[in-house]
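*Asks:* Please find the sequence and the predicted model below.
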Amino acid sequence: MLTEMENRTSVQEFTLEGFPTIQHLGKVLFLVHLLAYLASTAGNAIIVTITCADSRLHTPMYLFLSIFSFVECGVVSAVITKLLVIFLLGRQTISFPACFIQAFVFLFLGAAAFFLIAVMSLDQYVAICKPLHYPTIMNPKTCFLLVTACFALAFPLITGLLVKVSLLSFCGPHVIPHFFCELGRLIHLSCSDTRSVEMLALILALFIIFTSIIITIIAYSNIVVTIMQLPSAKEKKKAFSTCSSHLIVLSLMYGSCVFIYVKPKQTNTLDSNREADIVNTVVTPLLNPVIYTLWNKQVHQALRETIC
């Protein structure tokens, strides 16, 4: 049995290619990404801390925002910490189990983030379209169930996919042309028949992304209709400003996904994917706390009072 397992998977570790064309700038890139990582983690941690500490922010919207910020910290930590090691020490190898753990954390938290975005859209819909019923609909029990559903739905989907990928045979090349254990690159390294796994991965990706997008589109379509029916321009402006930060974060997340999966075949897909994943794993988690802090008056006021 042991011999069979060894024959099935002879690769014990993988090599992350990183960014070979600019690898000579490792120290500079390490400093840049370290500062971005620290700023992103600190920004999201501040949002979580302020939401917990300030009683005025103990509302469903800020509960979802704080959980989303916590998830963002997990996503960026799962990927960037290894990239920092590559830039600083040049250690590009990663063990077989560690690679799959990294892929799982990234995909699980990423899927949960997309579901949370959809839940935040629903929260905005209820707040703007049904303000009188908002306290009744978005009660603590409902919020708890919605958050739990985001993680409970993401966990079996990603776990099942990763288990299926881990059962593939890896006996050939071990170099992953990326800066982290991206699932698509892992599948392509297998010497097994990967058609069923690739189809499963595509179906799950479409399900997660389009479920979030469809819920968001439906929610914001109703929001726009409701706002346009408001009598005064001041009320319209106030309503739009309420969801402006959320719309910007939506654009960043969905835009980077479209950039990865929907682009002309003749482009350099490898480099483009790395750039888009840098946006997903570094830029977006860095900008999210800034966006929510600057556009949200309550968070801005709570932050200012805490600093003072």
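*Replies:* Nice, I can see it.

*Asks:* Now the phi/psi pair for residue 180, please.
*Replies:* Main-chain dihedrals, residue 180, degrees, to the nearest 10: phi -150, psi 170.

*Asks:* That one and residue 78, how far apart?
*Replies:* Per C-beta to C-beta, to the nearest Å, residue 180 is found 8 Å from residue 78. Every residue, glycine included, has its C-beta placed from N, CA and C.

*Asks:* So for these two, which residues contact both of them?
*Replies:* Overlap of the contact sets of residue 180 and residue 78 (by C-beta atoms under 8 Å, 6 or more residues apart in numbering) consists of 102, 106.

*Asks:* Please identify the helix or strand for the most centrally placed residue in the chain.
*Replies:* With distances taken as C-alpha atoms, centre = their mean, the residue of the chain nearest its centroid is residue 110 (3.7 Å). Applying DSSP states H and E as the criterion places residue 110 in helix 96-129.

*Asks:* Can you point out the buried residues in the helix or strand just after that helix?
*Replies:* Moving toward the C-terminus from helix 96-129, the next helix or strand (DSSP H and E) is helix 134-137. Of all the residues in helix 134-137, those buried under the rule 16 or more other C-beta atoms under 10 Å are residue 134.

*Asks:* Also stretch 16-35?
*Replies:* Buried, per 16+ other C-beta under 10 Å, within stretch 16-35: 16, 17, 18, 19, 26, 29, 30, 33, 34.

*Asks:* Give me the secondary structure label for the last one.
*Replies:* Three-state secondary structure (criterion: DSSP: H, G, I helix; E, B strand; the rest coil) places residue 34 in helix.

*Asks:* how near is it to residue 84?
*Replies:* Where residue 84 is concerned, residue 34 sits at a distance of 6 Å (C-beta to C-beta).

*Asks:* Check the fourth one too.
*Replies:* Remark: distance between residue 19 and residue 84 (C-beta to C-beta) = 13 Å.

*Asks:* now the first one
*Replies:* The spacing between residue 16 and residue 84, counted by C-beta to C-beta, is 12 Å.

*Asks:* what about the strands in the stretch 51-200 of the chain?
*Replies:* 93-95, 175-176 (DSSP state E, counting those that start in this stretch).

*Asks:* Residue 206: which of those is closest?
*Replies:* Checking these against residue 206 by C-beta to C-beta gives strand 175-176 as the closest, at 23.4 Å.

*Asks:* quick one: low-confidence ranges for the stretch 151-300 of the chain?
*Replies:* 242, 256-276, 279, 292-300 (pLDDT under 70).

*Asks:* Now do the helices in it.
*Replies:* Counting by DSSP state H, counting those that start in this stretch, the stretch 151-300 of the chain has helices at residues 183-189, 195-228, 233-261, 269-278, 284-295, 297-307.

*Asks:* So which of the buried residues of stretch 16-35 are in helices?
*Replies:* Among those, the members found in helices (DSSP state H) are 26, 29, 30, 33, 34.

*Asks:* ok, the residues you listed vs residue 226, which is closest?
*Replies:* residue 33 (42.2 Å).

*Asks:* pLDDT wise, what is the closest one at?
*Replies:* pLDDT recorded at residue 33 is 87.

*Asks:* and it, what does it touch?
*Replies:* 80, 83, 84, 87, 282.

*Asks:* Understood, closing this out.
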